[in-house]
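> Let's see this in three dimensions:
(one chain, ligands or ions: 1)
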Amino acid sequence: MSIDRFAVAGATGRLGRHVVDVLTERGHQVVPMSRATGVDIITGDGLAEALTGVEAIIDVASWHASEKEAATEFFRTSARNLHEYGQKAGVAQIAMASIIGVDKAIAGFVAAKKVHEELLLSGPLPVRILRAAQFHEFVGQLLDWQQGDVAYIPALPTQLVACRTVAEELVDLATDPGAPAQPAPGTPIPEIAGPRKETMAEAAQLLGARRGIKVAARLDAGPMRLYGYISTKEELFDLMVDEVHAEILPEEQPGDWREVLRIRAHRTRQATLRHEWLADLLGGRPTLGPNALAVTEATLAALDDLADLDTVLRAVETVSAYFTGAIRREIANLRAERATGLSKRDWQRASGPHVRRMLATGRFPALAKAVHDGTEVDAEASFATGLDWVLDAVAAKLARPPA
Ligand SMILES: NC(=O)c1ccc[n+]([C@@H]2O[C@H](COP(=O)([O-])OP(=O)(O)OC[C@H]3O[C@@H](n4cnc5c(N)ncnc54)[C@H](OP(=O)(O)O)[C@@H]3O)[C@@H](O)[C@H]2O)c1
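Sure thing, here's the model as predicted:
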């Protein structure tokens, strides 16, 4: 059967816009579907109208974040809606773009794509699948997510492929009258990859050199890596945070729990001063990479048996909350200095007349005392003192009551 009219879900995306071009160049009618064109495949807004008279759907819509559950929910709803609305409109088939390696995925976005394939295959309409390697265009995106002066790019092995090439192959598959209506059980799903084996980092270094961006390619891509495939900003950030945890973990662990926590706090501060972007990511969801897990293991091991487990966990949380907050405040000050061009002292001087006027009202006596009599200490000394106090408070809680 020759197909005249296609609807493309995700028509404005990296891949989708090429799918639209290829279909149009080959003389097909195309209905572009994305929220930007007024069609929402999740809420169903505009979907029935868009699918009127459509014979086949190409699904290249995507969810923007890495968290497996949220991405799976997106694909569950999109698969259900495309089948349901498609069947009502008399659509004959769906073709979708997936990712090479989904069958081995256990975490993150790629694991959600595996569910996406299964959900689409279990619906009433026949479904054709093309699995693609990472897109060339995605390398530029990784550089756009750069934090600070250096772009951190994982040394993940890949065979980059251009979106245009994937689009041509996907349209070939969707329009091939001889292709099986659905992948037969046990038969391999078609794949497309570029010709060259390389790493994401190598490709990024080439592009980075053109854009004048320094690329760090040290991110772990060994057997214990977090993701076998990077699809989203969060996945890249998880790898970056894990990389810095290798700097936080000391080579030798002191025997004393206080020293373990003190060293962790100071090394986290020093690492954040070297990699300022870390301040924005500290204290978020825990990173599950091998280095971050080793830091957590070393911390918990140092406190093991000093108190019941819940007390130990609260102790670690309390100290982490302190150093995370203190580091973020210090980095916020450094950024403010850079943004305004005023050091803290210059800023205080510039604010002096206003502060003096407010204090002269007599409404802020405690503040006036702090302003006039308080001692200025540098950030490192303030950090160390606060940390000692928090450790003292935690020590009091760790003491086991007499049996
Ligand atoms: N990136 C890669 O390297 C790679 C490699 C292999 C396979 N793939 C797969 O190829 C497909 C396309 O990826 P991509 O990188 O081109 O994605 P993308 O650039 O993020 O584009 C996503 C598209 O989905 C649309 N969309 C999102 N939510 C929608 C909604 N509720 N209703 C309708 N449309 C919606 C977006 O448009 P609006 O925001 O306007 O709605 C956009 O057009 C995905 O399935 C991906 O898993 C990607």
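
> can you count the residues close to the residue of the chain found nearest the ligand?
Per CB to the nearest ligand atom, residue 13 is where the chain lies closest to the ligand, at 2.1 Å. Using the backbone N, CA and C atoms, a C-beta is placed for each residue, glycine as well. Residue 13: 18 surrounding residues under other CB atoms under 10 Å.

> ditto for residue 11
24.

> was I right about it contacting residue 20?
Yes. Between residue 11 and residue 20 there is a contact under CB atoms under 8 Å: 5.2 Å.

> residues bridging contact with those two, i.e. touching both?
Residues touching both residue 11 and residue 20 by CB atoms under 8 Å, 6 or more residues apart in numbering: 30, 32.

> on that earlier part again, for the residue of the chain closest to the ligand, which residues are in contact?
34, 60-62.

> of those, the lowest pLDDT goes to which?
By pLDDT, residue 62 ranks lowest within the contacts of residue 13, coming in at 94.

> Just say helix, strand or coil for that one.
coil (DSSP: H, G, I helix; E, B strand; the rest coil).

> got a list of what it touches?
10, 13.

> Tell me the spacing between it and residue 197.
25 Å (CB to CB, to the nearest Å).

> Show me which residues of the stretch 101-250 of the chain are close to the ligand?
Residues of the stretch 101-250 of the chain that fall close to the ligand, judged by CB under 6 Å from any ligand atom: 113, 132, 134-135, 138, 231.

> what about 5 Å?
Those residues of the stretch 101-250 of the chain that sit near the ligand, judged by CB under 5 Å from any ligand atom, are 132, 134-135, 138.

> Is it possible to get JSON lines of these that adds neighbour count?
Below are these laid out as JSON lines (neighbours: other CB atoms under 10 Å):
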{"residue": "132", "neighbour count": "23"}
{"residue": "134", "neighbour count": "22"}
{"residue": "135", "neighbour count": "22"}
{"residue": "138", "neighbour count": "19"}
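
> among those residues, which two are most distant?
132 and 138 (10.6 Å; CB to CB).

> now the helices for the stretch 101-250 of the chain?
108-121, 136-144, 163-175, 200-211, 233-248 (DSSP state H, counting those that start in this stretch).

> Can you tell me the centre-most residue of the protein?
Nearest to the geometric centre of the chain sits residue 234, at 0.5 Å (CA atoms, centre = their mean).

> The residue of the chain closest to the ligand and residue 359, how far apart?
Counting by CB to CB - residue 13 and residue 359 are separated by 57 Å.

> Check residue 142 too.
Here residue 142 is placed at a distance of 51 Å from residue 359 (CB to CB).

> The two - which one has more neighbours?
residue 142 (23 against 16).

> Looking at per-residue confidence, what score does that one get?
88.

> Pretty sure it sits against residue 204.
Yes. Between residue 142 and residue 204 there is a contact under CB under 8 Å: 5.9 Å.

> what's the overlap in contacts for those two?
With CB under 8 Å, 6+ apart, residue 142 and residue 204 have common neighbours 151, 153.

> And the biggest helix by length in the chain, what does it pack against?
Assignment by DSSP state H gives helix 309-340 as the longest helix of the chain. Contacts defined by 3 or more CB pairs under 8 Å, 6 or more residues apart in numbering; DSSP states H and E place helix 309-340 against helix 257-274, helix 278-281, helix 290-303, helix 344-360, helix 379-398.

> could I get those helices as a markdown table with distance to the ligand and mean pLDDT?
Putting the helices and strands packed on helix 309-340 into a markdown table (distance: least, CB to the nearest ligand atom, whole Å; pLDDT from 0 to 100) gives the following:
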| stretch | distance to the ligand | mean pLDDT |
| --- | --- | --- |
| helix 257-274 | 30 | 96 |
| helix 278-281 | 22 | 91 |
| helix 290-303 | 24 | 92 |
| helix 344-360 | 41 | 83 |
| helix 379-398 | 40 | 95 |
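
> Tell me which stretches of the stretch 51-200 of the chain form strands.
56-59, 93-99, 127-132, 150-154, 157-158, 191-192, 198-199 (DSSP state E, counting those that start in this stretch).

> what does the first one contact?
What that stands for is strand 56-59. 3, 5-10, 19, 23, 51, 78, 82, 86, 91-97, 120, 170-171, 174.

> Give me the buried subset of those.
Buried subset of the contacts of strand 56-59 (neighbour count, 16 or more other CB atoms under 10 Å): 3, 5-10, 19, 23, 51, 78, 82, 86, 91, 93-97, 120, 170-171, 174.

> Would you mark the buried spots in the longest helix of the chain?
Neighbour-count burial for helix 309-340 flags 311-312, 315-316, 319-320, 322-324, 326-328, 330-331 (criterion: 16+ other CB under 10 Å).
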